[in-house]
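> build me a model from this:
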Amino acid sequence: MKDLKPIQLSREEIEFVRGLVMYEDAEILALNKPAGLSSQGGRGQVHTLDELLWAFAKPGKARPRLIHRLDRDTSGVILTAKTKPAAGFLGKAMMARRFHKTYLAIVAPGAPEPKGGRIEQALRRDESGREAYMRPCPPDHPDAETAVSRYRTLKHTEGAALLELDPETGRMHQLRVHLAHIGRPIAGDARYGGALVVGGHAVPRLMLHAAALKFPHPGGGEKRLEAPPPADFAGLVQALGLG
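Numbers count the residues shown, from 1 in each chain. As a prediction, this is how the structure comes out:
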């Protein structure tokens with residue numbers, strides 16, 4: 001894949017993206033993405049994370065390549081490859097489902113029933129204007145994509161719950177749609193029916209955080225990276241008594 005023409009970044013943008021680095025070696029670079037930053041394909045004047053990766057390119061060389069994406073309002077661990085061989089290795093490992101992703105989410109109202117389990121619900125893409133949605137559908141629908149998520153309740157109150165989520169497949173918006181499907185949409189997820197106020201507290205954004213990523217390292221062995229929840233997420237956890 002040919003690399004795009006380098007993008008000129010401001011000094012502030014370079015400092016910003018370098019400040020997101022949580023792990024780096026000769027082959028990979030991992031960042032703790034903040035909510036509000038598009039991984040790729042964002043609209044408007046603000047650069048996406050993919051474009052900000054030019055801050056790490058050596059003169060005349062390609063920039064690191066994103067291995068996966070996170071929704072714009074999802075925070076947490078995101079992985080890039082610094083070399084073409086590493087990108088190829090990690091891409092194949094992800095296709096073979098050798099990546100293990102762990103998310104945290106605040107949902108309402110209260111804990112799901114049962115409090116832990118497996119959601120196997122096919123999804124299909126539905127486009128409305130410039131917006132794309134995922135919808136539950138029968139598994140025999142011509143556009144159906146298999147989607148499986150595991151969840152467990154870490155702590156709950158009558159009005160909200162903190163869940164740990166493990167997607168077995170990687171469909172767009174999968175966790176968001178699966179949780180809405182079982183009647184516990186993620187707080188702040190206006191697109192899929194999530195509450196914007198929980199327990200009297202305003203929800204600042206989609207309360208979904210990519211907390212950990214375990215994957216085979218291109219140099220051998222396995223690597224696990226963890227990102228603590230950002231202040232807005234941790235603050236709402238405490239405010240709702242879910243800490």
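> what's in contact with the longest helix anywhere in the chain?
Across the chain, the helix with the greatest residue count (assigned by DSSP state H) is helix 84-95. The contact list for helix 84-95 (CB atoms under 8 Å, 6 or more residues apart in numbering) reads 27-28, 62, 65, 67-68, 79, 81, 99, 170, 215-216, 218. From N, CA and C alone the C-beta is placed, and that goes for glycine too.
> ditto for stretch 46-55
6-7, 9, 13-14, 16-18, 31, 33, 37-42, 63-66, 78, 80.
> are any of those residues buried, and which?
The neighbour-count test (16 or more other CB atoms under 10 Å) marks 7, 9, 13, 16-17, 31, 33, 37-39, 63-66, 78, 80 as buried among the contacts of stretch 46-55.
> one step back: how far is the longest helix of the chain from where the chain is centred?
19 Å (CA atoms, centre = their mean, to the nearest Å).
> give me the buried positions along whichever helix or strand comes after it.
Scanning forward in sequence from helix 84-95 by DSSP states H and E, the next helix or strand is strand 100-107. Buried residues in strand 100-107, counted by 16+ other CB under 10 Å: 101-107.
> repeat that for stretch 141-156.
145, 147-151, 153-154, 156.
> low-confidence ranges, the chain, go.
1-4, 42-45 (pLDDT under 70).
> and the angle from the longest helix of the chain to strand 100-107?
For helix 84-95 against strand 100-107, the angle by axes from the mean of the first three to the mean of the last three CA atoms, to 10 degrees is 60 degrees.
> alpha carbons of helix 84-95, as PDB, please.
The C-alpha trace of helix 84-95 is given here as PDB (Å, rounded to 0.1, in the frame of the first residue of the first chain):
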ATOM      1  CA  LYS A  84       5.800  -2.800   6.800                       C
ATOM      2  CA  PRO A  85       6.700  -6.400   8.000                       C
ATOM      3  CA  ALA A  86       5.200  -5.500  11.500                       C
ATOM      4  CA  ALA A  87       2.100  -4.200   9.800                       C
ATOM      5  CA  GLY A  88       1.700  -7.300   7.800                       C
ATOM      6  CA  PHE A  89       2.300  -9.600  10.800                       C
ATOM      7  CA  LEU A  90      -0.200  -7.700  13.000                       C
ATOM      8  CA  GLY A  91      -2.800  -7.500  10.300                       C
ATOM      9  CA  LYS A  92      -2.700 -11.300   9.800                       C
ATOM     10  CA  ALA A  93      -2.800 -11.800  13.600                       C
ATOM     11  CA  MET A  94      -5.900  -9.600  13.900                       C
ATOM     12  CA  MET A  95      -7.700 -11.400  11.000                       C
END
